[in-house]
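Colleague: Sequence and predicted structure below; questions after.
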Amino acid sequence: MGRNIGHYGTMAANHPRLLKPSFFARPTLTVARELLGQLLVHESKRGIIVGKIVETEGYLADDPACHAFKGPTPRCAVMFGPPGYSYVYFTYGMYHCFNVITEQKGVAGAVLVRAVEPVEGVKTIMKNFKAWPKNMNTSDPQRLASGPGKLCVAYGFDRSHNALPVSKGSPIRILEGPTVPPRDRVIATRIGITQNANAPYRFYIKAHPSVSKTGPAPARQFP
DNA sequence: AGGGGGATCAACT
DNA sequence: GTTGATCCCCCTA
């Protein structure tokens, strides 16, 4: 924990192991599962931020918990667009949530990135927390982005980051990260929703300190 | 034009 | 387990 795993910020500029739009043009739950361990990069004005994705949730077109369930609205329109774009929305009066669009163009779907382990740019993350109006717990560097709201504070994401490509040439990119051993990848029910709450659409790295919380349902391993 | 609800977080009982 | 902070979104009328 807290080990230096390399200069991902420099690599992020033009490293070949960058997830391409084709990665996201697949079933939402497949993408949610395979995003575990990958590296979310934000090349922001304050500095570059890199974090290892440790927790995701899928949101599907036929899923009552999904913003796109009842069809396109101005807010969720990007969910019906091409895969590999960001979907950032505002919630609870002060927080944002960051998603990546999945499925083929015309089919709604997204993966909510709920938590990352900070890998690079902790100083920049701390600047973002200092600029945040509400008091947040920043004592544990492993838990600076241990939830979807905190993640957006840490990365400096807001609605200006909605509908941006998550790919080469964009300030937001996802790099291939270290492979997560299958026994450490678990599936469970989602958090903080009431609609379709029993759907096992949440994925996280077992016992990882940066995961938001264990959740109500017993998590099981998936192949 | 009005109002209920929300993919959150931290503090409190 | 419950509650306050805080405001945009979307449905209803």
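Modeller: Cool, got the structure.
Colleague: Just the pLDDT for A:G215.
Modeller: Looking at A:G215, its pLDDT is 73.
Colleague: how about it, what does it touch?
Modeller: The contact partners of A:G215, by Cβ atoms under 8 Å, 6 or more residues apart in numbering, come to A:A188, A:T189, A:R190, A:I191, A:R202. Every residue, glycine included, has its C-beta placed from N, CA and C.
Colleague: again, only this time at 10 Å
Modeller: By Cβ atoms under 10 Å, 6 or more residues apart in numbering, the contact set of A:G215 is A:E55, A:V186, A:A188, A:T189, A:R190, A:I191, A:G192, A:R202, A:Y204.
Colleague: Helices - which of those residues land there?
Modeller: For these, not one is inside helices, with DSSP state H as the criterion.
Colleague: quick one: which two of those residues are the most distant?
Modeller: Taking Cβ to Cβ as the measure, these reach their widest spread between A:V186 and A:G192, a distance of 18.1 Å.
Colleague: Looking at the two, which is more packed in?
Modeller: Relative neighbour count places A:V186 above the other of A:V186 and A:G192, with 22 against 17, counting by other Cβ atoms under 10 Å.
Colleague: sorry, back to before: any chance of the contacts of A:G215 in a markdown table, plus pLDDT and distance to A:T28?
Modeller: Compiled in a markdown table, the contacts of A:G215 are given as follows (pLDDT from 0 to 100; distance: Cβ to Cβ, whole Å):
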| residue | pLDDT | distance to A:T28 |
| --- | --- | --- |
| A:E55 | 98 | 15 |
| A:V186 | 96 | 18 |
| A:A188 | 96 | 16 |
| A:T189 | 96 | 16 |
| A:R190 | 97 | 13 |
| A:I191 | 97 | 17 |
| A:G192 | 96 | 18 |
| A:R202 | 98 | 12 |
| A:Y204 | 97 | 16 |
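Colleague: Name the helix or strand of chain A that has the lowest mean pLDDT.
Modeller: Counting by mean pLDDT, DSSP states H and E, chain A has its least confident helix or strand at helix A:8-12, which shows a mean of 50.
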